[in-house]
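Peer 1: Fold the following and give me the result.
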Amino acid sequence: MVCEVVSMLEYEIEKAIVRYRESYEFRPFREGVSLEDVRRAIEHTNLKPFATPDDIIKLCQEAKDNRLYGVCVNPCYVSIAKRELSETDVRVVTVVGFPLGANESRTKAQEATFAVESGADEIDMVLNIGMLKAREWEFVYEDIRSVVEAARGKTVKVILETCYLDLEEKIAACVISKLAGAHYVKTSTGFGPKGATPEDVHLLKWIVGEEMKVKAAGGIRTYEDAVKMMMYGADKIGTSSGHRIVMEGEEKHGG
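Peer 2: From the prediction side, this is the model:
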């Protein structure tokens, strides 16, 4: 069984690499991104280690005021965010294995279980970057799969931390995430030396296609940044500047 999984992963990764070499083109996936599109893509984020309960309450209020898609908070604040957003459609997102991805898989799975019990609607997990770079495909697959299963049907996004990966590793991470049952791939934690780029967002979307979605995160601070990421394939935007981005968009579009 182990050999079958490894063979499947190796085959699908190599197939994706060959397809990339033969037909990849860097060009926008869409035009005409509207302010409403941006609003409904933003996951307003505060994952700072020194964030206080009051900071999370403020984050939730800004998400409500600006009609954003969701908030992304550390696990200890899921219950606060859920309470503050209880009469809205704003989603509560939290993180697992954050920010290094180096926890044991069973620890990540338990984190996901606790997050769901606390009220999380979506989970952003960090894959094991070192094991990916070591080409331990089955380990990475099972690591992601353990969180997907523990999430009990909730949306799972896999953070790749693209700044540490070469081209083939990015492709492999996308393929493995897809096969493991995740719903999104996400560029970055925001804690690495570099965040999202249009090039990485585009590559991720090109590899996963329409069957998965892409979340761009890390360094997205302006309305122009958000629009560009969405043009190049981002379905969701993770940013601590959600309020500012919407204000810039309202100024640009006259409210």
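
Peer 1: Give me the three-state assignment for the closest residue to Asp124 other than its chain neighbours.
Peer 2: Spatial nearest neighbour of Asp124, excluding adjacent residues (CB to CB, 6 or more residues apart in numbering): Lys157 at 4.5 Å. In short, each C-beta sits where N, CA and C put it, glycine included. The three-state assignment at Lys157 reads strand, by DSSP: H, G, I helix; E, B strand; the rest coil.

Peer 1: So which residues of the stretch 1-150 of the chain form strands?
Peer 2: With DSSP state E, counting those that start in this stretch, the ranges of strands along the stretch 1-150 of the chain come out as 42-46, 70-73, 91-96, 122-126.

Peer 1: Quick check: neighbours of the first one in the sheet, parallel or antiparallel?
Peer 2: Using DSSP bridges, the strands paired with strand 42-46 in its sheet are strand 70-73 (parallel), strand 236-239 (parallel).

Peer 1: same check, this time on the third one
Peer 2: The strands beside strand 91-96 in its sheet (DSSP bridges) come out as strand 70-73 (parallel), strand 122-126 (parallel).

Peer 1: gap between that strand and the chain center?
Peer 2: 10 Å (CA atoms, centre = their mean, to the nearest Å).

Peer 1: how much does that strand deviate in direction from strand 155-159?
Peer 2: 50 degrees (axes from the mean of the first three to the mean of the last three CA atoms, to 10 degrees).

Peer 1: what bridges to the spatially most central residue of the chain?
Peer 2: The centre of the chain sits closest to Lys186, judged by CA atoms, centre = their mean, with a distance of 3.2 Å. Counting by DSSP bridges, Lys186 is bridged to Ile159, Lys215.

Peer 1: Contacts only, for it.
Peer 2: Neighbouring residues of Lys186 by CB atoms under 8 Å, 6 or more residues apart in numbering: Asp124, Lys157, Val158, Ile159, Leu160, Val214, Lys215, Ala216, Ala217, Gly238.

Peer 1: Using JSON lines, lay out the residues you listed together with pLDDT, neighbour count and distance to Glu224.
Peer 2: Converted to JSON lines, those look like this (pLDDT from 0 to 100; neighbours: other CB atoms under 10 Å; distance: CB to CB, whole Å):
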{"residue": "Asp124", "pLDDT": "99", "neighbour count": "27", "distance to Glu224": "24"}
{"residue": "Lys157", "pLDDT": "99", "neighbour count": "28", "distance to Glu224": "24"}
{"residue": "Val158", "pLDDT": "99", "neighbour count": "28", "distance to Glu224": "27"}
{"residue": "Ile159", "pLDDT": "99", "neighbour count": "31", "distance to Glu224": "24"}
{"residue": "Leu160", "pLDDT": "99", "neighbour count": "27", "distance to Glu224": "24"}
{"residue": "Val214", "pLDDT": "99", "neighbour count": "28", "distance to Glu224": "19"}
{"residue": "Lys215", "pLDDT": "99", "neighbour count": "28", "distance to Glu224": "18"}
{"residue": "Ala216", "pLDDT": "99", "neighbour count": "31", "distance to Glu224": "13"}
{"residue": "Ala217", "pLDDT": "99", "neighbour count": "27", "distance to Glu224": "16"}
{"residue": "Gly238", "pLDDT": "99", "neighbour count": "30", "distance to Glu224": "17"}
